[in-house]
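# Okay, sequence plus prediction incoming.
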Amino acid sequence: MARSASKGAVKDLGLAPEGVLRIEWAARDMPVLRLLRERFAREKPLQGLRVSGCLHVTTETANLALVLQAGGAQLALCASNPLSTQDSVAAALVAEYGIPTYAVKGSDTQTYYRHIHQALDHAPQVTLDDGADLVSTVHKERRDLLDGVIGGTEETTTGVVRLRSMARQGQLRYPILAVNEADTKHLFDNRYGTGQSTLDGITRATNVLWAGKVVVVVGYGWCGRGVALRARGMGAQVVIAEVDAVRALEAVMDGHRVMPLSEAAKLGDIFVTVTGNISALDRCHLEAMKDGAIVANSGHFNVEINVKALEEMAVSRRMVRPLVEEFSLKDGRRLYLLAEGRLVNLAAAEGHPPSVMDMSFANQALCVEHLVQHGRELDPAVYGVPREIDQQVANLKLRSMGIALDTLTEEQRRYLASWEVGT
Ligand code: ADE
């Protein structure tokens, strides 16, 4: 089977020294990955394993790659979004760490998929995905590789939704561990990571003051909760639009205003979509917005804002700052679309900070090890992360923070295992 002999495709190898510094800076805040890297270097649990990863090529991902490499894996990486690549990191991965990486920030769709194919030329035994583009490409266009794959991991909510759909339709041919479903992933990465990095991206792109703004968050999943929490912390008035009754109720009791998006559309200064769904902000919402409204997406794919409708509504458009496009409408109103509707936290900022990716990527590394040990026993399906892995990540993270746990007494353990004692 043809293997990739190529070293990768990056913007400029000359950026590698900057990339190394940035990767090392992130490493300072990734203590769990550091421990895993030390163990993997000793034990080599992934010796000779071919791994293809389709992930946001960031300083944090580079640190995951180094853990897997320390464990003996041979890696090839490609980007999981055309706008999320940190070019200096991609350069460093190729030039300094010998990891073939196919990722250039601002790639067109054709190049994006060419890079996925190049990462697949590596003939992976394990796939790492963030959004399921790699897995879907293997299943649609590279079926010759399927027999060689032991299993895969999936990082994000959107990817897990797509993979479960594949599994339901009987299309999925190898087991996937849904890293997103680990508590030590979504409770922290989706909530605090997306919360902080989304505000960071919007701030870097626009230099807007949050205090006093009406911020409309579309979707109150873990990412929406995080964005709302952080926007409130910056002094914004937060409005939530949500389709699920329990989540809407939670948003109300968390202290936010909740209303249909058709009403919120008229009020918002800043809109953030985090639904995982298509056209969450649709033409009717865009038509109702105030002059000057800022529209951003922090969901995985660029489908959440109906950009085509915005283009059709506009009489003119221009870039007014990097990643900020102004659309002027017939009646003179101007709407500002950030990062083409792609995930603003990675396109306009650096994605989630290393401290939180430490846990997400510790789950990834331990899941790869789990697949090597047990993947061949698993049927093709989407599985949660084994509880022991989740617990291990939480324990290591707490230890790295110098925080100790309490323990149950023997009496308490017995009580919890019994039923006889009541009032
Ligand atoms: N997803 C969100 N933030 C990320 C980061 N910093 N690196 C990789 N994937 C991410």
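Thanks, I have it.

# Okay, the residue of the chain found nearest the ligand and residue 73: tell me how far apart.
The minimum distance from the chain to the ligand, using C-beta to the nearest ligand atom, falls at residue 351 (2.8 Å). (Each C-beta comes from the backbone N, C-alpha and C, glycine too.) In this structure, residue 351 and residue 73 are separated by 23 Å, where distance is defined by C-beta to C-beta, to the nearest Å.

# Could you tell me the model confidence score at residue 6?
With respect to pLDDT, residue 6 scores 72.

# pretty sure it contacts residue 100?
Yes: distance between residue 6 and residue 100: 6.1 Å, which falls inside the contact criterion (C-beta atoms under 8 Å).

# higher neighbour count, these two?
residue 100 (23 against 13; other C-beta atoms under 10 Å).

# Now do the phi/psi pair for the more buried one.
Main-chain dihedrals, residue 100, degrees, to the nearest 10: phi -60, psi 120.

# residues touching it, list them.
Each residue near residue 100 by C-beta atoms under 8 Å, 6 or more residues apart in numbering is listed here: 4, 6-8, 75-77, 94, 118-119, 122.

# out of those, which is most surrounded?
Neighbours were tallied for each of the contacts of residue 100 (criterion: other C-beta under 10 Å), and the maximum of 30 neighbours falls on residue 77.

# now the helices for the stretch 301-423 of the chain?
When assigned using DSSP state H, counting those that start in this stretch, the helices of the stretch 301-423 of the chain occupy the ranges 307-313, 344-347, 354-374, 387-400, 410-416.

# In CSV, could you pull the C-alpha coordinates for the longest one?
It refers to helix 354-374. Output for helix 354-374, consisting of C-alpha atoms alone and laid out as CSV, is shown next (Å, rounded to 0.1, in the frame of the first residue of the first chain):
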residue,chain,number,x,y,z
PRO,A,354,-3.3,25.1,26.2
SER,A,355,-4.4,24.5,29.8
VAL,A,356,-7.8,23.3,28.7
MET,A,357,-6.6,21.5,25.6
ASP,A,358,-4.3,19.6,28.0
MET,A,359,-7.3,17.6,29.1
SER,A,360,-8.9,17.2,25.7
PHE,A,361,-5.6,16.0,24.2
ALA,A,362,-4.7,13.8,27.2
ASN,A,363,-8.0,12.0,26.4
GLN,A,364,-6.9,11.8,22.8
ALA,A,365,-3.5,10.3,23.6
LEU,A,366,-5.0,7.8,26.1
CYS,A,367,-7.7,6.8,23.6
VAL,A,368,-5.1,6.1,20.9
GLU,A,369,-3.3,3.8,23.4
HIS,A,370,-6.7,2.2,24.3
LEU,A,371,-7.4,1.5,20.6
VAL,A,372,-4.0,-0.1,20.2
GLN,A,373,-4.8,-2.4,23.2
HIS,A,374,-8.5,-3.1,22.6
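
# residues from the stretch 251-400 of the chain in reach of the ligand?
In this structure, the stretch 251-400 of the chain approaches the ligand at residues 346, 351-352, 357, judged by C-beta under 6 Å from any ligand atom.

# Now a ChimeraX select for only the buried ones of these.
Selecting the buried subset of these in ChimeraX, with 16 or more other C-beta atoms under 10 Å as the burial test, is done by:
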select :346,351,352,357
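
# Including distance to residue 407, could the residues of the stretch 251-400 of the chain next to the ligand go into a markdown table?
A markdown table is the format used below for those (distance: C-beta to C-beta, whole Å):
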| residue | distance to residue 407 |
| --- | --- |
| 346 | 40 |
| 351 | 36 |
| 352 | 32 |
| 357 | 30 |
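
# which of the residues of the stretch 251-400 of the chain next to the ligand sit farthest apart?
Greatest spatial distance in those: 346 and 357, 11.5 Å, computed using C-beta to C-beta.

# Common neighbours of those two, please.
Overlap of the contact sets of residue 346 and residue 357 (by C-beta under 8 Å, 6+ apart) consists of residue 58.

# rewinding a little: quick one: contacts for the residue of the chain closest to the ligand?
Under the criterion of C-beta under 8 Å, 6+ apart, the contact list for residue 351 reads 56, 58, 60, 84, 193, 197, 345, 357.

# ok, now with 6 Å
For residue 351, the set of contacting residues under the criterion of C-beta atoms under 6 Å, 6 or more residues apart in numbering consists of 56, 58, 197, 345.

# and if you look at residue 127?
Applying C-beta under 6 Å, 6+ apart, one finds that residue 127 lies in contact with 52, 134, 152.

# mind checking the SS state of it?
Following DSSP: H, G, I helix; E, B strand; the rest coil, residue 127 is assigned to strand.

# Name the nearest residue to residue 236, sequence neighbours excluded.
Nearest residue to residue 236 in three dimensions, chain neighbours excluded: residue 215, at 4.2 Å (C-beta to C-beta, 6 or more residues apart in numbering).

# Just the element for the one you found, please.
Secondary structure here is read from DSSP states H and E; on that basis residue 215 sits in strand 214-218.

# Please identify the pairing partners of that strand and their relative orientation?
Within its sheet, and counting by DSSP bridges, strand 214-218 is paired with strand 237-241 (parallel), strand 270-273 (parallel).
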